[in-house]
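Novice: Okay, here's the prediction I keep looking at, along with the sequence it came from:
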Amino acid sequence: MKMSKSFKVLSVLMIAAMLVIAGCGNNKGKNDNAAGGNAAGGAAADSAAIAKIKERGKLLVGVKFDTRLFGLKDPTSGKVEGFDIDISKAIAKKILGDENAIELKEVTSKTRIPMLNNGEIDMVVATMTITEDRKKEVDFSDVYFQAGQSLLVKKGSPITGLESVTKDTKILGSKGATSIKNIKEKVPGVTVLEFDNYQDAFSALKAGQGDALTTDDAILYGMASQDPGFEVVGKPFTDEPYGIAVQKGNADVVKAINDTLAELKANGEYDAIYTKWIGKAPAK
Ligand code: GLU
């Protein structure tokens with residue numbers, strides 16, 4: 001059969017277009033595999049999010065600035081220090097080869113997801129519990145710290161644990177924290193005063209504006225160590241497994257974080273960081 005010249009040209013173009021489309025599909029598949037945890041990894045597998053961090057030359061991390069033991073800014077030196085900061089530095093070292101190639105930006109419980117999702121930060125390392133609700137908005141790394149919700153009261157308070165919290169107890173907490181939702185579920189009708197951050201909530205407790213401050217035990221121990229007039233009471237009444245959050249779909253970043261955590265655990269550095277801040281080795 002004789003084909004017209006224009007039909008031949010068209011056929012060649014169509015075949016070329018199909019090859020290009022097939023090629024794209026293959027590449028995409030390869031990238032997805034690499035990001036999803038293909039052992040091959042390596043520079044060639046870097047996808048957009050990691051490439052962007054490398055191009056910028058520093059990791060932007062959202063951390064707390066007001067939470068002793070996890071992320072606390074020293075107002076005199078301007079330095080931010082804590083468990084979350086040491087973990088962040090290890091991730092910067094993994095991705096960029098330099099633990100100081102990092103910029104720490106302040107987040108609160110309320111601002112951390114919006115700041116992540118509008119691109120101000122690459123990840124959140126800020127006492128953040130992995131929850132099903134949050135998984136709808138962000139992706140999480142493996143668990144890197146196990147906390148549980150508890151109560152901080154003035155020494156001598158009649159509140160000795162969750163059992164003594166009633167509808168008439170005035171509880172203080174931080175906006176956007178799981179602790180607010182949890183206490184309302186545990187004690188229906190309880191009054192909760194919500195503050196923008198933990199510093200303000202603790203100041204309010206000291207000023208007698210409430211009976212107890214509620215959040216994770218590890219955070220409360222940090223507050224109690226600041227002021228001997230206050231103590232953590234009762235047993236933890238929730239599980240708060242902390243995860244590092246990234247924008248949805250950034251599987252390559254999650255992999256880099258999980259690899260870092262696994263390495264820190266294998267080489268003993270995780271235990272050293274934990275002991276440095278928490279004062280004892282992690283439970284095995
Ligand atoms: N871990 C809890 C949460 O993610 C409480 C601590 C916090 O507010 O950061 O909400």
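Specialist: Structure's in. What do you need?
Novice: which residues in the stretch 101-250 of the chain form strands?
Specialist: With DSSP state E, counting those that start in this stretch, the ranges of strands along the stretch 101-250 of the chain come out as 102-106, 123-124, 138-140, 145-147, 149-154, 170-174, 191-195, 212-216, 230-233, 240-242, 245-247.
Novice: Adding mean neighbour count and distance to the ligand, write those out as CSV.
Specialist: For every residue, glycine as well, the C-beta is placed using N, CA and C. What follows is these, written out as CSV (neighbours: other Cβ atoms under 10 Å; distance: least, Cβ to the nearest ligand atom, whole Å):
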stretch, mean neighbour count, distance to the ligand
strand 102-106, 18, 13
strand 123-124, 28, 10
strand 138-140, 20, 11
strand 145-147, 20, 6
strand 149-154, 24, 7
strand 170-174, 24, 5
strand 191-195, 17, 11
strand 212-216, 27, 5
strand 230-233, 18, 14
strand 240-242, 22, 4
strand 245-247, 23, 10
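Novice: now those in a markdown table, with distance to residue 222 and mean pLDDT?
Specialist: Below are these laid out as a markdown table (distance: least, Cβ to Cβ, whole Å; pLDDT from 0 to 100):
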| stretch | distance to residue 222 | mean pLDDT |
| --- | --- | --- |
| strand 102-106 | 17 | 98 |
| strand 123-124 | 19 | 98 |
| strand 138-140 | 23 | 98 |
| strand 145-147 | 11 | 98 |
| strand 149-154 | 10 | 98 |
| strand 170-174 | 13 | 98 |
| strand 191-195 | 16 | 98 |
| strand 212-216 | 10 | 98 |
| strand 230-233 | 10 | 98 |
| strand 240-242 | 14 | 98 |
| strand 245-247 | 21 | 98 |
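Novice: Reformat these into TSV and put distance to residue 181 next to each item.
Specialist: Shown next, in TSV, are these (distance: least, Cβ to Cβ, whole Å):
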stretch	distance to residue 181
strand 102-106	23
strand 123-124	18
strand 138-140	17
strand 145-147	15
strand 149-154	10
strand 170-174	10
strand 191-195	10
strand 212-216	11
strand 230-233	20
strand 240-242	12
strand 245-247	17
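Novice: Compare the ones you listed and give me the one nearest residue 272.
Specialist: strand 145-147 (14.4 Å; Cβ to Cβ).
Novice: That'll do, ta.
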